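Enquirer: Here is my input, please return the structure:
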Amino acid sequence: MFYIQTLLTLLVAFFSYSCASALDKETVISENLSFFEDGKGVSESVQFPHDNITVENGKLTFASSYVNTTEIGLYLNILTLIEKGILQSPRITPKFAKERIIKILQTLDTLETWKGLFYWPYSFENNALTGKSHEVVPAVDNGNLSFSIAAVAGAYLDSQDENEKKIVQLANRILERQKEGYLSIYDTKQKLLSAGWDIHSNKMLGYHIDRKMNESRLATIWAILFTDKKVPVEAFSNMDLKTVKYRKLDGSEISYYITWDGTIFQALLPAIFLEEDILIKDYDKVRNIVYAQEDYIQKNWIPAFISAASTPENGYTGMGIDEMAELVIGYKNPSTYVDFGTPHATALTYLVDKKLAMKHLSRLRTRYPGIDSGGFGWYDCISKDGRINSKILSLDQGMLVLAFYSKETRSYVKKFLKSKGKIEVLNEIYSHFHE
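Expert: Down below sits the predicted model:
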């Protein structure tokens, strides 16, 4: 048995390293940043990102007519990096980026909301955003947007430039207005933040943000910070966290924090905004999610890391790896086997291990050149047999690009939180990041 395991390990290692060639991160970034150009992943008329687009044979054949606020926030963060000269785009100038930031914030400032919280989704109608098709007020998307706007404000906090002062003023006004909404979705009986508000029934959604190892933790953290603990720290400490073990191909075991759906982004998206490698005491259990996934995709010959993404048939799944999903392991709920990976999950591993991320991105781009759509970004998924879909998602492109710029984005968020006197409370919240 030992010899079989050793042979398999060597074969996987050979596959992993021999198929990879050097690919610099600038190439990955530039090929995917193109999504955020007007007329591609961004509507020229509405000036907001499309939730998703379809590209076939190098041509845009479909663009969705709606967007969610997480996608808007990530777009704002990318524009901020361009305006600051940190991120270079051949078609998006710093001047254009600043004008677009102001335009988006002005729109958000006047957009229809529920107690300051934004709906899902917002549709494109008559060259503008409208909330007419809204269904819910999601905590998760509002939390993501709050941190994105905080990063934008933090980037310009000390500026004397009038336009940059306007950016900070707009950001502060939007964030201040959200407080009532966050207070209204705190469930005092469950002592957890609700997942949001149902517009049709006019009550809280019937489930809660109750897992720490989930991207929606940002909503609870923000609600505690900016309601001055009227949403108490208990809303975070009451959230569950579980450690499980994963047996690698070489027979060794590692411990990691399990995510609900077995996906990468649930674990790592918040690290774009916060120094979780410092804030979380046992961060090795977060890192090990990446190392366990790496072992899994290599032994199953899957070309990229796994996360919620579109499917090879242009559908969508929120599932990741069954063997790493609390939904499956803890609750024995059956799930569809996922035999495809996604570039954005692979890029997110850069937050944990830069060399590992570049190794896998290089291998992916070299072995499957068709993953690049030819001017619109990388396609959203690739299966173990090399099938590539034709969809590109704004959310995933945003995470893909920003994974390389967490240092800058985190510094902007930290500067903003510090200016509001929130660092001590943030540390208090994360002191409860344990089982």
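
Enquirer: so what's the residue lying closest to Ser411 once chain neighbours are set aside up against?
Expert: If the residues on either side of it in the chain are set aside, Ser411 comes closest to Gly154, at 7.5 Å by Cβ to Cβ, 6 or more residues apart in numbering. Where you see a C-beta, it was placed from the backbone N, CA and C, and this is true even at glycine. The contact partners of Gly154, taken as Cβ atoms under 8 Å, 6 or more residues apart in numbering, are Ser411, Tyr412, Val413, Lys414, Lys415, Phe416, Leu417, Ser419.

Enquirer: so what's Gly154 scoring on pLDDT?
Expert: Listed pLDDT for Gly154 reads 99.

Enquirer: one step back: among the contacts of Gly154, the buried ones, what's the PyMOL command?
Expert: Buried members of those, defined by 16 or more other Cβ atoms under 10 Å, are picked up in PyMOL with:
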select buried, resi 412+413+414+415+416+417+419
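
Enquirer: shouldn't Ser184 be in contact with Gly116?
Expert: No. Using Cβ atoms under 8 Å, Ser184 is not in contact with Gly116; the gap is 9.4 Å.

Enquirer: out of those two, which sits in the more crowded spot?
Expert: Gly116 (19 against 15; other Cβ atoms under 10 Å).

Enquirer: How many neighbouring residues does the closest residue to that one other than its chain neighbours have?
Expert: Spatial nearest neighbour of Gly116, excluding adjacent residues (Cβ to Cβ, 6+ apart): Arg177 at 3.6 Å. Arg177: 15 surrounding residues under other Cβ under 10 Å.

Enquirer: doesn't Phe118 make contact with Arg177?
Expert: No. Using Cβ under 8 Å, Arg177 is not in contact with Phe118; the gap is 10.3 Å.

Enquirer: ranges for the helices of the stretch 101-250 of the chain?
Expert: Secondary structure of the stretch 101-250 of the chain (DSSP state H, counting those that start in this stretch): helices at 139-155, 162-177, 179-184, 217-226, 234-237.

Enquirer: could the ones you listed go into JSON lines alongside distance to Leu393?
Expert: Putting the helices of the stretch 101-250 of the chain into JSON lines (distance: least, Cβ to Cβ, whole Å) gives the following:
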{"stretch": "helix 139-155", "distance to Leu393": "14"}
{"stretch": "helix 162-177", "distance to Leu393": "25"}
{"stretch": "helix 179-184", "distance to Leu393": "26"}
{"stretch": "helix 217-226", "distance to Leu393": "19"}
{"stretch": "helix 234-237", "distance to Leu393": "29"}
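
Enquirer: Ok, which of those comes nearest Glu294?
Expert: Nearest to Glu294 among these is helix 217-226; the distance by Cβ to Cβ comes to 23.5 Å.
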